[in-house]
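In: Pasting a predicted model and its sequence here:
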Amino acid sequence: MSGTVYSAADILSGGELLTALTPPARLSVVGDPVAHSKSPVFHNAALQAAGIAARYVKIHVRPAELPATLRALPAAGFLGTNVTIPHKAGALATVDEADDYARKSGAVNTVMVDAGHLVGFNTDGPGLLRAIREEFAADLRDLRVMILGAGGGAGRAIAVQCAMENCPRLVLVNRTAEKVTALASELAPFFHRGPADRIVAIPHDVQSLRKELARIDLVINATSVGMKETDDPLVPASLLTPNLLVYDTVYASGTSRLVADAAAAGARAANGLSMLLHQGALSFEIWFQRPAPLDIMRAALLSVS
Ligand SMILES: NC(=O)c1ccc[n+]([C@@H]2O[C@H](COP(=O)([O-])OP(=O)(O)OC[C@H]3O[C@@H](n4cnc5c(N)ncnc54)[C@H](OP(=O)(O)O)[C@@H]3O)[C@@H](O)[C@H]2O)c1
């Protein structure tokens, strides 16, 4: 059943089809597209392991359908939903309330239904934090971080997380440089102590990368490119050094060019599966107020990756 994709109409009609399933659908991921999502696999494994009689389904929702679909979740008997591309900003605009981090990051990826109200959270940044700990036994608050694609949705969420963790240095990189100039100004108050260049915005070009990489511990790819052999390298291989930690948020099957180049340079590198796992585990903890069965979720995710 993890492969079935339902439609917004299935919720808007009152959710009868979904509640008639055994166990009934009570949670979902909404996106456009959404068929590729691996979330149902590990969430359903978690629900089963926790003895919760609920199913997690994929729902294809177009942008124009998002507000009405989210608002129809309580009447359809849903406990909440995850929200993926391209709806995270739209979800923030739709929920009745959102936590501080979701508001700062401009995005909601987790909605909880609470007494008929929609409460928004964003577990992407905290999920990344846990993933970095798991992959590298290191904390964002101790690392000088460079984010490639910091002007995109995931990049912004990660930048806000780094700022809230007060990491010693943050370099925001984006192809469209204006986006990160504005973000650096917005986040500057988090970096007011110490040297003036604790937060920097640079364009995504070789010269700027070369200059900044010398003072970086962790490079995070939050762009939407990198899985194809033919992709231009996001960071030229010659600039990758053994002291770097490299985290690629991309989690499609196979090894991204950045991860392959980093490993070849002797750097420690990991792909985005651990972030996917941890953001999902944090959603489970928000919905059920209890620890997620992480090992079961990880095994389920790895079985389809
Ligand atoms: N592992 C996880 O759990 C997880 C969670 C969330 C997201 N992600 C991943 O994060 C990635 C980004 O998602 P998103 O929602 O943030 O997308 P998005 O909002 O569309 O942002 C895309 C970013 O990529 C940049 N970009 C696109 N093409 C580029 C190129 N050829 N060269 C350099 N930069 C380029 C964009 O720069 P411009 O601003 O110049 O267009 C922008 O900064 C996706 O791969 C997604 O799978 C992973």
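Out: On my side now, so go ahead.
In: Which residues of this protein lie near the ligand?
Out: Residues of the chain that fall close to the ligand, judged by CB under 6 Å from any ligand atom: 85, 124, 149, 151-155, 174-176, 179, 204, 222-225, 249-251, 272, 275-276, 279. No exception for glycine: its C-beta is placed from N, CA and C like everyone else's.
In: okay, now the residue of the chain found nearest the ligand: neighbour count?
Out: Going by CB to the nearest ligand atom, the ligand is nearest to Gly152 of the chain, at 2.1 Å. Residues contacting Gly152 under the criterion other CB atoms under 10 Å number 19.
In: Surely it touches Val225?
Out: No. Contact between Gly152 and Val225 fails when scored by CB atoms under 8 Å: they sit 10.6 Å apart.
In: before we move on, back to that, so what pLDDT did the residue of the chain closest to the ligand get?
Out: Per-residue confidence (pLDDT) for Gly152: 93.
In: Please apply the same query to Met227.
Out: For Met227, the model assigns a pLDDT of 62.
In: Repeat that for Leu70.
Out: Reported pLDDT for Leu70: 98.
In: Name the helix or strand for it, please.
Out: Using DSSP states H and E, the element containing Leu70 is helix 66-72.
In: right, and the helix or strand after that helix?
Out: Counting by DSSP H and E, the element after helix 66-72 in chain order, helix or strand, is strand 80-83.
In: Mind listing the strands that next one pairs with, and their directions?
Out: Sheet pairing of strand 80-83 (DSSP bridges) gives strand 25-31 (parallel), strand 110-114 (antiparallel).
In: pLDDT averaged over stretch 4-18 - what is it?
Out: Here the average pLDDT along stretch 4-18 is 96.
In: chain center to that stretch: distance?
Out: Taking CA atoms, centre = their mean, to the nearest Å, the mean C-alpha location of stretch 4-18 is offset from the chain mean by 25 Å.
In: now swap in stretch 125-134 and tell me
Out: Stretch 125-134 sits 10 Å away from the centroid of its parent chain (CA atoms, centre = their mean).
In: for stretch 73-85, same thing?
Out: Using CA atoms, centre = their mean, the offset of stretch 73-85 from its chain centre is 18 Å.
In: Give the buried residues for it.
Out: Leu73, Pro74, Ala76, Gly77, Phe78, Leu79, Gly80, Thr81, Asn82, Val83, Thr84 (16 or more other CB atoms under 10 Å).
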